[in-house]
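Peer 1: here is a sequence together with a model predicted from it:
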Amino acid sequence: MAEHLLEVKDLKQYFPVRSSFFKKTNLKAVDGVSFHIDEGETLGLVGESGCGKTTVGRTIVRLYKPTSGSIKYKGTEIDDNNIRSFRKEMQIVFQDPYSSLNPRMTVADIVGEPLDIHKLYSSKNEREEKIANLLSLVGLNADHSRRYAHEFSGGQRQRIGIARALAVNPKFIVCDEPVSALDVSIQAQIINTFEELQDKLGLTYLFIAHDLLVVQHISRRIAVMYLGRIVEIAPSVELIENPLHPYTQSLISAIPVPDPDTAKKKHRIVLEGDVPSPLDVPSGCAFRTRCRYATERCAKEIPELTKRSEGHMSACFNK
Amino acid sequence: MNDTPLLQVKNLSTSFPTEQGVVHAVNGISFNLDIGNTLGIVGESGSGKSVTAYSILRILTDPGRITGGEIYFKGENILNYSEKEMYDFRGKKISIIFQDPMTSLNPVYTVGNQITEAILLHTDRNKKEANERALNLLELVGVNDPQKRLKQYPHELSGGMRQRVMIAIALACEPDILIADEPTTALDVTIQAQILELMQELQKKLGMAIIMITHDLGVIAEMCNEIIVMYAGRICERGTADEIFYNPCHSYTKGLLRSLPKFTKDREKLIPISGTPIDLLNMPKGCAFAPRCKDAMQICLSELPKEIPINDFHLASCWMNVKKVYDEVKEGRKNG
């Protein structure tokens, strides 16, 4: 069987927090997440704030050290000792194009920094040439390189962030809400840039976002997270047309569709209440407190992801 | 005649003089709002949609100034009101809910305190009656355990709850108009659905008119029957929801709708609007959208397009529509 580019197994990421003066508890940001990504594909990861999707992305590129679980890249387990060599393979693009670029560095220095760190050039000229190439690759002008980040609009800044990620010629990029901070008209530009780069460079993406419309557009498969666990994973079209998990169902029905006719016809499944605090996750299935189908069993056992059809897995006892 | 609109904005202009120059945030916009209607104002950042709302309530932050136009509420120009009259007007006739429910509630007062403040200010209820009213309001907006919530501080509530409290405060004095400035942008989708549902329910129950300001065309499609599309402080297109979504007649609206990802089986490529958002300090002479418009003609760069009717329910300010009429006439002459 072909090997997956990235394989994540039972990943857990706990953060210790002081709940009272003497007591320390663990905030279970990610609690047993498993998935794989094949070469050249895009896996979308959706969920609401606090569900742990960003933590998954950051743990994969080891900005956090995982509490437990395994992350394999091309069959090799990533650990503290070999992560440096993998940094050239994996990069991340952050959400906020305003705070993720150093305001005191020129664009050339921002994009050139990874080149410096990994010593990817032999002469000053080559460095400049590489930076110019990277900038044109993401649709920026080479003569932008002497400017500072604040001189650019949000969309252009995000392009700088993408150029920085591409500098080391990676195979795999974690895109952490890369278009959430952008206006609609600009958002489409950046999404297209991501798609073009994928075609051109054969990139693999983990695309993290809260906007299901954006995610289903760019991804081949989608994983839905709720309170630290994946509740459903399926090919994009299948997930949208035939969502099985009650949470996915309500998530899809809650999205305002920019189409008045559909909006009038649509039956919105409105969830009661708020997402519980990740410090105090309900026993059993974390979603049961807001679920219409919840039974006694849901409070006792944690439902596992089980296969429903080819490539479609859902974690629910009742649906 | 009894058909004076509830709110009539006429040729409103608002600008912000800054050290770099004058930012013309709103440039001569006019619209009406009728009793019980929901008007959606949609636009991207910097389009002037929020400034329009703040101008109506006269709560512009310094150095913002209303530089021209009139705003009539039930036939009275509120721009002539004194600051004291405005004090009475805000919250009682028109109230507003803001985008970020955390920063718009006062962290050092309890929820109860903040709701009763509005009631005590605008009505002659005493403290006990105000408290009862606050309790009813919290029930009305679907806050569970209202008795307890009254004594809590904003930080003890979740984002959705805070927005419900904001709505309770805004509705405390039964205003005729509720302005909602990106009321769900800071919220998660499932919570957004709750708040939108609540607003629709409350409108049915209380009959107030709503001005819904948002960048989200999805929210607009679900909530509004009339829509105004803004770009660079001007209205580029207006009409009923069906007209705007299914028969867009301004290049910007068309571009906006094309650039949205949709639920489709086949992955069509998105068609983005090229270029970058407008710099309000250096507004072009003609149509503000012309530099980004792929159909722009010579006249678009030099002259501001006038608003022309497309049909009874639809107006647009785009030279393309003038050209279309002109071409049709020319074609007609040739044939006839």
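Peer 2: Ah, there it is. Numbers count the residues shown, from 1 in each chain, chains lettered A, B, ... in the order given.
Peer 1: and the residue lying closest to A:Pro170 once chain neighbours are set aside, what is it in contact with?
Peer 2: Using Cβ to Cβ, 6 or more residues apart in numbering or on different chains and skipping the chain neighbours, the partner closest in space to A:Pro170 is A:Gln91 (4.4 Å). Every residue, glycine included, has its C-beta placed from N, CA and C. By Cβ atoms under 8 Å, 6 or more residues apart in numbering or on different chains, the contact list for A:Gln91 reads A:61, A:114, A:164-166, A:168, A:170, A:172-174.
Peer 1: just the pLDDT at the residue in chain A that chain B sits nearest to, thanks.
Peer 2: Using Cβ to the nearest Cβ, the single residue of chain A nearest to chain B is A:Pro256, 3.0 Å away. A:Pro256 is assigned 90 on the pLDDT scale.
Peer 1: where does pLDDT dip in the stretch 151-300 of chain A?
Peer 2: Nowhere does the stretch 151-300 of chain A drop to pLDDT under 70.
Peer 1: any idea how far stretch A:191-198 is from the chain center?
Peer 2: Computed by Cα atoms, centre = their mean, to the nearest Å, the chain-centroid distance of stretch A:191-198 equals 16 Å.
Peer 1: hang on, I meant stretch B:244-263
Peer 2: 19 Å.
Peer 1: for the host helix or strand of A:Ile186, packing partners?
Peer 2: Element membership for A:Ile186, per DSSP states H and E: helix A:184-201. Packing partners of helix A:184-201 (3 or more Cβ pairs under 8 Å, 6 or more residues apart in numbering or on different chains; DSSP states H and E): helix A:154-166, strand A:204-209, helix A:212-218, helix B:251-258.
Peer 1: show me what counts as buried in that helix.
Peer 2: Residues A:184-195, A:197-198 are the ones in helix A:184-201 that count as buried (16 or more other Cβ atoms under 10 Å in any protein chain shown).
Peer 1: ditto for stretch B:245-255
Peer 2: B:245, B:248-255.
Peer 1: ramachandran angles for the nearest residue to B:Gly239 once chain neighbours are set aside?
Peer 2: Using Cβ to Cβ, 6+ apart and skipping the chain neighbours, the partner closest in space to B:Gly239 is B:His314 (3.5 Å). Per-residue torsions, B:His314: phi -160, psi 130 (degrees, to the nearest 10).
Peer 1: what of the one 4 residues further on?
Peer 2: Backbone geometry at B:Cys318, expressed as degrees, to the nearest 10, gives phi -150, psi 130.
Peer 1: how many other residues sit next to it?
Peer 2: Neighbourhood size, B:Cys318 [other Cβ atoms under 10 Å in any protein chain shown]: 28.
Peer 1: ok, for it, nearest residue in space, not its chain neighbours?
Peer 2: Residue nearest to B:Cys318 in three dimensions, not counting chain neighbours: B:His250, with 4.4 Å by Cβ to Cβ, 6+ apart.
Peer 1: and B:Asn32, what does it touch?
Peer 2: B:5, B:7-9.
Peer 1: for it, helix, strand, or coil?
Peer 2: Applying DSSP: H, G, I helix; E, B strand; the rest coil to B:Asn32 yields a three-state assignment of strand.
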